[in-house]
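K.L.:
Sequence and predicted structure, then a few things I'm wondering about:
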Amino acid sequence: MVMSSGSTVAYLSRHMRRMTANGQAFSSSRLRGQVRVTVTGVIQGILYMGCAAWTSYTYLSHTVLQTIFSEDIYITVANLYMLGTTFNLGVGQAVFRQRAADIWLRATKVQKSEQGG
């Protein structure tokens, strides 16, 4: 997951630099879309890395130090990871719904103008 997020960030940053170097102008919506995907990927990678680090820590402390954590702590960490992922994906979905609504409104305006004119 961390490698996937890192690869996405690296690809999009190279892509944006190439576009700028070739003299292609970003439309503001296109740039915002690429930045949003990059930020979402980074956040998801951080969430995963935190959960994976916690899992590794608890495993090693249990096997090496014979430490036992409360089940409540495990459940809390898992729930925080799921909550963060849900919010992260929800932001992307909200943007998707907003764009779909904008396209629908434009299509109805075009249809009304064609019928009226």
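P.N.:
Structure received.
K.L.:
how about the CA coordinates for stretch 72-81, as PDB?
P.N.:
Only the C-alpha atoms of stretch 72-81 are listed here, as PDB (Å, rounded to 0.1, in the frame of the first residue of the first chain):
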ATOM      1  CA  ASP A  72      -9.600  -2.500  23.300                       C
ATOM      2  CA  ILE A  73      -6.300  -1.000  22.000                       C
ATOM      3  CA  TYR A  74      -6.300  -3.300  19.000                       C
ATOM      4  CA  ILE A  75      -9.900  -2.500  18.200                       C
ATOM      5  CA  THR A  76      -9.300   1.300  18.600                       C
ATOM      6  CA  VAL A  77      -6.300   1.300  16.200                       C
ATOM      7  CA  ALA A  78      -8.200  -0.800  13.600                       C
ATOM      8  CA  ASN A  79     -11.300   1.500  13.900                       C
ATOM      9  CA  LEU A  80      -9.100   4.700  13.600                       C
ATOM     10  CA  TYR A  81      -7.600   3.200  10.400                       C
END
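K.L.:
Would you quantify the distance from the residue nearest the centre of the chain to residue 98?
P.N.:
Centroid check for the chain by C-alpha atoms, centre = their mean gives residue 40 as the closest residue, at 2.2 Å. Counting by C-beta to C-beta, to the nearest Å, the gap from residue 40 to residue 98 is 15 Å. Using the backbone N, CA and C atoms, a C-beta is placed for each residue, glycine as well.
K.L.:
do residue 86 as well
P.N.:
The gap separating residue 86 from residue 98 is 18 Å, by C-beta to C-beta.
K.L.:
do residue 7 as well
P.N.:
Taking C-beta to C-beta, one finds residue 7 at 27 Å from residue 98.
K.L.:
same question, residue 20
P.N.:
27 Å.
K.L.:
Could you tell me which residues within the helix or strand of the chain with the lowest mean pLDDT count as buried?
P.N.:
Lowest by mean pLDDT, DSSP states H and E among the helices and strands of the chain is helix 2-21, with a mean of 75. By 16 or more other C-beta atoms under 10 Å, the buried positions in helix 2-21 come out as 5, 8-9, 12, 16.
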